[in-house]
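Enquirer: Got a predicted structure here, sequence first:
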Amino acid sequence: MAEIEEEVRLRRSSGDLPPKLERELDELFLAHSPVAGRGGDLTEALRMVDAATFVDPVVPVDSQRAAGAVVKKGMRTVLLWYVGWITHQISQFASAVSRALHIVEGRLKELERKVEVQRVPGAGVVEVPEAHRADAWWVAPAVDAVASVPGRIVHAASGDGWLVRRIMEAGGDAYGVDPRTNLVEEGVLTVSDLRGEELADHLRAVAPAGLGAIVLSGIVDGMAGGERAQLLHLIGLTLAPGGVLVLHSLSRAAWDGEYAPFEADLAPGRPLRPTTWQRLLDESGYDATMVDGPAGADYLVTAVRATVPPPEPTSVR
Amino acid sequence: MSAAGPSRPPVAVHQFIPTLNPRDATGSHTLLLRDILRAAGWRSEIFAEAIHDDLATEAYKHWTYPDHAAAGDVAIYQFSTSSVVARFLAERSEPLIVDFHNFTAPEHFRGWEPHSEERAARAHDDLALLAHRAELGLADSRFNERDLRRAGYRRTTVIPVLVDYRRVGAGAPPDRRVAAELAAAKARGGADLLFVGRIVPSKGQHKLVAALWAYRRLYDPAARLHLVGGSSSFAYLKALRGFIAELGLVDAVRITGDVSDAALAAYFGAADAYLSLSAHEGFGVPLVEAMAAGVPVVARRVGAVGETVGDAALLLDGTDPTYVAAALHRVVADATLRRLLVDAGLRRLPAFGHDAVAPQLVAAVASVAGAAGVAGMAGAAGAAGVAGAAGVAGVAGAPR
């Protein structure tokens, strides 16, 4: 597989195919799909419902056979009084459904406008140059903690793959996830397996217990409570028993400091104290340890998931 | 007359299935299992909600079962979709074995086929409905067994689906016309890629088309893809055709519809690689057929695919066309890798063969059908070269 990944990396770096090829082809395919295959645009869906509301009882009568058109036309004439009566009722029903859906759409939009002003935005990636680079103090212990675990290792937010590269060099089977697709596109030229998507979306697509380790940096610092709880739940589903969760966060002092990035001000939450992480993780079945950074600006939490496997099916044999 | 008095008819083990179809995996499994049950000494018939015309004499409508029922009967339900047969069995009292082949999750049909989505959702309900009735749940794979356990089945075991892979394996007579067409195309150059399965969203044929596009761009401009199997999603088939046309692949992708066994053998015979990018597989019969035909397999690691193919396939963790194309190129162009995969497949094949699977099924059925069945099947199990009786007796002692 390593040879294939190297081949993919070379192909991408040569510009033979674009890095976002799969997404572009998926979008091209979905353009041919029926209404709900095109995503969640309700207005577009309703437009297609409206277009399909009328059921035409006048069927085409073209035929490749000599008398085919005449026969079809005769059948159409004979049956039209009957089929037309039925299709008229179907069209009426479809129009009523369409009307109801338009009312629902109007009310939903009104609701969305009201909710928008109270919306809690998701936390973006918050990085600082001193902490999010390959020679930062926490990188070596993080790599040591995950490089030898069995199974795949995901790093988020992976940026251009700087930590993924380090883990791979140490022997780990790593890949990266980052919602900042511009960084991912730069990174795929040197690291083949980087995915441009939100971590939560990615974890939802991963098989249960499918990951050997998860490394988080720049992700959890500014999360609000709900988003953090959701992420922990998804990690619980995807991290294998005995797997390792490594979590790097800025400290509260750094977050509130004069040189904190502007994203810190915009984030819905602020960093937890390391002891709070330890408590949260202990309660979730992890054995967590924490290390404060040398300048008190950040900290590292390393947590090993309990090795007791989930209940396995018993067999009659 | 026997000194033991009038002989009792052997216990009957009847099978129930939503639709008995000659060319789907569950239908074939059901027919093969019926023969195995009969050989083991049980009376056995098939009862179905719908019966394909070609099999009209092989089965009865399920609602006629009360006319055939006798004390001591055991029922096996071949579960692969929702059906009134599940409700029918839920209300009866015969000891029940649910032979679970999994079903496509509703979300795979969402936005494509509303009635299929609804039907898949009802299949969940059917599975749970039968959980308290079932004395044993048979699963084709560990993956399927997990679903059974989640649905509340207490006793389960894993036994592979019966696959008559001789129909496509070495020596199977191919359809001459199809084989000639494929040979003529191959003579003009280009690899032949194959996928066998119904054209539905969960099988991801559009991902195969995307991979073919990348493969042709990067490695083999003359490569072809053969999509063998009928469709039960008009919307998906229509979108797939539009996608193929938009990518300029009309001459490179052949959608065959349902084909005969001989035509299937011809497609396997011509294939340079079998490619599967399904989003869901409860077992993956065509993967085994590819192994039997000596075709190297490249497959997405999803559902039960990994446990079905073992080390006999190049398993992929994603569907990125560039990645898939690179994997295909390795398999098609690297003779050593091809040989490794094909040899591993041939080594793996016996585990899915009749001689390996039939005794397991007989033993599992005997664990529910009880001593009469065990006595009846002794000859058949012996003939199959299996010493399963001790194990069966142990199972039969389990709580019922």
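Expert: Nice, I can see it.
Enquirer: helix/strand/coil for residue 248?
Expert: Assuming you mean chain A. When classified by DSSP: H, G, I helix; E, B strand; the rest coil, A:His248 comes out as strand.
Enquirer: Hmm, no, I was thinking of chain B.
Expert: coil.
Enquirer: For it, grab phi and psi.
Expert: Dihedral pair for B:Gly248: phi 70, psi 30, per degrees, to the nearest 10.
Enquirer: can you confirm B:Leu227 is in a strand?
Expert: Yes: inclusion of B:Leu227 in a strand is indicated when three-state DSSP is applied.
Enquirer: what's near enough to touch it?
Expert: By Cβ atoms under 8 Å, 6 or more residues apart in numbering or on different chains, the contact list for B:Leu227 reads B:Phe195, B:Ile199, B:Gln205, B:Leu208, B:Val253, B:Arg254, B:Ile255, B:Thr256. Heads up, the C-betas are built off the backbone N, CA and C, glycines and all.
Enquirer: Same question for B:Pro173.
Expert: With contact set as Cβ under 8 Å, 6+ apart, B:Pro173 has these partners: B:Ala262, B:Ala265.
Enquirer: Likewise for B:Glu246?
Expert: B:Glu246 is in contact with A:Leu28, A:His32, counting by Cβ under 8 Å, 6+ apart.
Enquirer: want to throw the contacts of B:Leu227 into CSV with pLDDT and neighbour count?
Expert: Shown next, in CSV, are these (pLDDT from 0 to 100; neighbours: other Cβ atoms under 10 Å in any protein chain shown):
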residue, pLDDT, neighbour count
B:Phe195, 98, 26
B:Ile199, 94, 23
B:Gln205, 97, 28
B:Leu208, 98, 26
B:Val253, 97, 22
B:Arg254, 96, 17
B:Ile255, 96, 17
B:Thr256, 94, 16
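Enquirer: Quick check: the two most widely separated of these?
Expert: Farthest-apart pair in these is B:Leu208 and B:Thr256; separation 13.6 Å (Cβ to Cβ).
Enquirer: how many neighbours does whatever residue of the stretch 51-200 of chain B ends up closest to chain A have?
Expert: As assessed by Cβ to the nearest Cβ, chain A sits closest to B:Gly111 within the stretch 51-200 of chain B, at 2.8 Å. Neighbour count of B:Gly111, defined by other Cβ atoms under 10 Å in any protein chain shown: 20.
Enquirer: and what of the one 3 residues further on?
Expert: Per other Cβ under 10 Å, the neighbour tally for B:Pro114 reads 13.
Enquirer: From B:Gly204, how far off is it?
Expert: Between B:Pro114 and B:Gly204 the computed distance is 20 Å (Cβ to Cβ, to the nearest Å).
Enquirer: ok, residue 272 - contacts?
Expert: You didn't say which chain, so I picked chain A. Neighbour list for A:Leu272: A:Val220, A:Ser249, A:Leu280 [criterion: Cβ under 8 Å, 6+ apart].
Enquirer: wait, I meant chain B there
Expert: Residues counted as contacts of B:Asp272 (Cβ under 8 Å, 6+ apart) are B:Ala191, B:Asp192, B:Leu193, B:Val295, B:Pro296, B:Val332.
Enquirer: Sort out for me which of the residues you listed are in strands.
Expert: Secondary structure from DSSP state E places B:Asp192, B:Leu193 of the contacts of B:Asp272 in strands.
Enquirer: B:Phe283 falls within a helix, correct?
Expert: No: the assignment for B:Phe283 is coil, going by three-state DSSP, so no helix is present there.
Enquirer: Looks like it contacts B:Val161 (just checking).
Expert: Yes: applying Cβ atoms under 8 Å, one finds B:Phe283 in contact with B:Val161, separated by 5.3 Å.
Enquirer: Show me whatever sits in contact with both of these two.
Expert: Contacts common to B:Phe283 and B:Val161, judged by Cβ under 8 Å, 6+ apart, are B:Ala25, B:His101, B:Asp140.
Enquirer: In those, which has the lowest confidence score?
Expert: Among the shared contacts of B:Phe283 and B:Val161, B:Ala25 carries the lowest pLDDT, at 88.
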